[in-house]
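>>> coords please:
(chains A and B)
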Amino acid sequence: MKKDGITAPKGCGGQFDKKCSVDVGSGRLSRRDFIGAATAVAAFTIVPRHVLGGPRNIPPSEKLNIAGVGIGGRGAGDLDEVGSENIVALCDVDKNYAGGVFKKYPNAKAYTDFRIMLEKEDKNIDAVVIATPDHTHAVIAMTAIRMGKHVYCEKPLAHSIYECRKLTEAAREAKVATQMGNQGQASEEHRLVCEFIWDGAIGQVREVHSWCNRPISQRGIERPKETPPVPETLSWDLWLGPAPYRPYHPCYLPFSWRGWWDFGTGVLGDIGCHQLSVIFKALKLGYPTSVEACSSGVNSETAPLASIVRYQFPARGDLPPLTLTWYDGDLMPARPPELEDGRHFGEADDNLYVGDKGKMLGHRIIPESKMQEYKKPPQTLPRSPGHHREWINACKGGPPAGSNFEVAGPLAEVVLLGNIAVRLGQKLYEKGLKLYYDGPNMKIINFPEANEYIRSEYRKGWTL
Amino acid sequence: MGSAAAAAFTIVPRYVLGGPGNTPPSEKLNIAGIGIAGRGAGVLEGVQSQNIVALCDVDWKHAADTFNRYPAAKKYRDFRKMLEEEGKNIDAVTVATPDHVHAVASMMAIKMGKHVYCEKPLTHSVYEARKVAEAAREHKVATQMGNQGQASEETRLMCEYIWDGAIGPVREVHVWTDRPSQGLFNVYWPQGVDRPKDEPPVPETLDWDLWLGPAPYRPYHPCYLPFAWRGWWDFGTGALGDIGCHSIDPIFRALKLGHPTSVEASCTLVNKETYPVASTVHYQFPARGDMPPVKLTWYDGGLRPPRPEELEEGQEFGEGGILFVGDKGKMLGHRLIPASKMKDYGRPPQKIPRSPGHFEEWIEACKGGKPAGSNFDHAGLLAQAVLLGNVALRVELREKLTRMKLNWDGPNMKITNLPEANQLLQREYRKGWTL
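Next up, the predicted model:
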């Protein structure tokens, strides 16, 4: 049974190779799951679809058959957004947390283990929507891509730079339609930012500030010592997935995993893929040359309460080098003098573009009087039918979605590079260094031990 | 001085005569110390060439070592009682209490015509700093704030490099400290925490009511003292108050700063009890003579400015520091960067007299010498700017300050665009306490 990346439980008729390692001893997988897996595997041995060279052709008139993985939190929203299609299978490791969503789609088959679902439902599904915690994005997305499934995956694309790179490559190879869950990319505002900047509305941009002050899970704390029992409805081992084993604690889920390095990616990972996406597009950014960070104190367990990350990007074509500064935990850049008293400086999050000839806060030139005087350029970017619709269209042979993995992969890599600088902040400061990065080769060139953070080791039994 | 002087004193108190007595350089000052454990012990060592005649602390156990060190000094718990009883015997006072007591202790001494050495920050509020500085001027007493770095060679070099044009006009300065954090896992003192709910008994040796002084009453808790009061709004002034008066001082001198025109801040979540875990504060200063307007940015709690390109790889950026950004170059502390530039440039001409030492400056001033380097005319202005930064961090203003920065009319001590913020420039004292 060589199933590119697919692993399944031991004890299923001896059909699985060494990669199979789900802890069935816990008894949390239902009998139905096992039988299902075995059946799917049998079908699979005959003509795996991915061997045929990609996803099937679906005419726009037909509905996609979609499976959802991680459906309790954000996943529910994603499923709503693709509700025009057939939701045929759903998977969550917590029957209780996801209970409402399972009920909402009574015709969808319910699963606990995405691997079993994909094997069993392979012939029934065209596409997969992934909204699990960050640390399982990559293994799920990769399994689906290799099976020729189209993939919608929440942001950040993955938990490590290496995972992002591999997913991007695999999606390209498998020719599947992809979209990362940074829905802002589909907005009118993003298009206006691009069109204004390309029109020279604020001249050449050498400096951008981006911040997010949303309260996102506990941070700056240490691992709890107590080990309360795992709730009956939760498959803790599956929730952990490829992450290193640790005992269950309610401080990790739901949602609060975002602050824990083993599972989440901090505020930068959570929101950076939203907010930096428009900057990447408008200013045609690729890999940065260097990154540095400071924070209110970081530990090996959780992201800091507050951090500032500074990226340096090289010149791109006619565009000059650029400094991009990220702030979280209620930190902000200085209020620009152009912003009138009384105007909110960017609500909870925003971007400030500093050009040679002016400034933009979000998609508004400041001050507002200058915005009013500005003769807007003609629309040069096509408008979006909607973020999820873009993906649905792409799955049915339409143009690639705006945040397909060719776009989203490099963006997520840069976001995650920032986290490496945050995690190593104190060490780098003691060594008198910032990190210089060789993007194409995925390598930090002046501090070798930083490269350990580019790819994380998986728990036994998990592979990408 | 002696009994004759004392007799005279009962008839005409010295301060009524409009100033301190003249102590000739050959004579020793008689000094009383207020707040003598902790930093106070160090301050007394700094002036131990003089007579230490009276000592006051609200915790005799905590202060026991210092009391033992000066067995001839009379012991007090209440500085008011000490100043009343020892008025005739003392020329000068050192104040090293927690920040919230600085002003009341200094002011009483100044009004009695005593010279004052007071630890930084000069006071707990902007208003107090203004009033204490005015009183010192009026009473013509010799003063010095405890920012000893002002007496250093490094501070002089910073001024002389900048005045010599080594980095051209300066429009941007960054200054930072890692406090209240200390490296990776430790803190100097906690911030971002809430008031404790338990009420342990007051230690027998501590006069809690006196420790509170003019601050609003609250039950005793060991989380406040010693030292950790720095993180609590009611007592301390956070990292900015603690370190700002040290590290912003050379910037004030080198760039001839006075009142800022505006201030704004961002920080981790604040509560009404303690200062935030980390903050950045942005000050705008107007043009001064030939010098262009300058932006000064403060960072604490582990936040730092960007590492300058000019700094060679492997060169430490510093757990605290000052970065001057000039039109023609940059200076990290008193060193031009990169080091090659420093080497090429050589030393600027000496324009500032070198100091005999921070404490010695004050002792000399008390004996009729020239004003000390951080006398309250200078220190008051510096402390006001520092403490104004804390106003911009206040939780009461967080929402409003997303819509504006605070515009500051320094000469009139007034925030001009947010009237309610002016209430935070001073605070009401507990009953029985006045400035």
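
>>> For the residue in the stretch 1-150 of chain B positioned nearest to chain A, what are phi and psi?
As assessed by C-beta to the nearest C-beta, chain A sits closest to B:Val126 within the stretch 1-150 of chain B, at 21.0 Å. In short, each C-beta sits where N, CA and C put it, glycine included. When quoted as degrees, to the nearest 10, the phi and psi of B:Val126 stand at phi -60, psi -50.

>>> give the contact list for it.
Residues in contact with B:Val126, defined by C-beta atoms under 8 Å, 6 or more residues apart in numbering or on different chains, are B:Gln384, B:Leu387, B:Leu388, B:Val391, B:Met413, B:Leu425, B:Gln426.

>>> In which helix or strand does the second one reside?
It stands for B:Leu387. Here B:Leu387, judged by DSSP states H and E, is contained in helix B:376-393.

>>> By mean pLDDT, flag the weakest helix or strand of chain A.
For chain A, the helix or strand with the lowest mean confidence is helix A:31-46, at a mean of 39 (criterion: mean pLDDT, DSSP states H and E).

>>> did I read that right, B:Met107 in a helix?
Yes: looking at B:Met107 with DSSP: H, G, I helix; E, B strand; the rest coil, it is inside a helix.

>>> Does the nearest residue to A:Gly264 once chain neighbours are set aside belong to a helix, a strand or coil?
Nearest residue to A:Gly264 in three dimensions, chain neighbours excluded: A:Arg258, at 3.7 Å (C-beta to C-beta, 6 or more residues apart in numbering or on different chains). What three-state DSSP gives for A:Arg258 is helix.

>>> Please apply the same query to A:Ala201.
Going by three-state DSSP: A:Ala201 is coil.

>>> what about the residue lying closest to B:Gly301 once chain neighbours are set aside, how many neighbours?
In space, and not counting its chain neighbours, B:Gly301 is closest to B:Ala278: 2.8 Å by C-beta to C-beta, 6+ apart. Look at B:Ala278: counted by other C-beta atoms under 10 Å in any protein chain shown, it has 32 neighbours.

>>> How far away from the center of its chain is the helix or strand just after the helix holding B:Leu387?
The helix or strand immediately downstream of helix B:376-393 is strand B:406-409, counting by DSSP H and E. Relative to its chain's centre, strand B:406-409 lies at 21 Å (C-alpha atoms, centre = their mean, to the nearest Å).

>>> Report the buried residues of strand B:406-409.
Buried residues in strand B:406-409, counting neighbours by 16 or more other C-beta atoms under 10 Å in any protein chain shown, are found at B:Leu406, B:Asn407, B:Trp408.

>>> Which elements pack onto that strand?
Counting contacts by 3 or more C-beta pairs under 8 Å, 6 or more residues apart in numbering or on different chains; DSSP states H and E, strand B:406-409 packs against strand B:262-267, helix B:376-393, strand B:414-415.

>>> and chain A, which of these is closest to it?
strand B:262-267 (3.8 Å).

>>> Tell me where the stretch 151-300 of chain B has helices.
Ranges of helices in the stretch 151-300 of chain B, per DSSP state H, counting those that start in this stretch, are B:153-163, B:208-212, B:238-247, B:249-254.

>>> With mean neighbour count and distance to chain A added, can I get those in CSV?
What follows is those, written out as CSV (neighbours: other C-beta atoms under 10 Å in any protein chain shown; distance: least, C-beta to the nearest C-beta, whole Å):
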stretch, mean neighbour count, distance to chain A
helix B:153-163, 20, 20
helix B:208-212, 19, 30
helix B:238-247, 25, 11
helix B:249-254, 23, 17
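
>>> Now do the residue of chain A positioned farthest from its centre against chain B, distance only.
Distance from the centre of chain A peaks at A:Glu373, with 38.5 Å (C-alpha atoms, centre = their mean). Separation of A:Glu373 from chain B (C-beta to the nearest C-beta, to the nearest Å) stands at 23 Å.
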